[in-house]
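# Sequence and computational prediction follow.
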Amino acid sequence: MYQIIRQDMSVIYLLLALSILVAIVFFIAFMYSVKKGQYDDAYTPSIRMLFDDELVKEKQEKLTKD
């Protein structure tokens, strides 16, 4: 009876080790992509100044109407 319980527990240890390994692989892939600039936004900063003026104009219009 104890032999069966030990075999069941060994599967849990195997799955735990495997899940930690997969998590480490995904973390390394994430860090690699961050270092390579995958999440850098090169387009939005160049057009941000175009949208900021519209927001300022809307705020000024609201202030002048009040």
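Perfect, I can see it now. Numbers count the residues shown, from 1 in each chain.
# any weak-confidence spans in the protein?
1-8, 52-63, 65-66 (pLDDT under 70).
# Show me which helix runs longest in this protein.
Across the chain, the longest stretch assigned as helix under DSSP state H is helix 2-35.
# Just the buried residues of that one, please?
Judged by neighbour count (16 or more other C-beta atoms under 10 Å), helix 2-35 contains no buried residues. Where you see a C-beta, it was placed from the backbone N, CA and C, and this is true even at glycine.
# What is the burial count for Phe51?
For Phe51, the count of nearby residues is 10 (other C-beta atoms under 10 Å).
# Quick check: the gap between it and Thr44.
Using C-beta to C-beta, to the nearest Å, Phe51 is found at 9 Å from Thr44.
# now swap in Phe30 and tell me
Distance, Phe30 to Thr44, by C-beta to C-beta: 21 Å.
# what's the answer for Ile28, then?
28 Å.
# Quick check: phi and psi on Lys36?
When quoted as degrees, to the nearest 10, the phi and psi of Lys36 stand at phi -80, psi 0.
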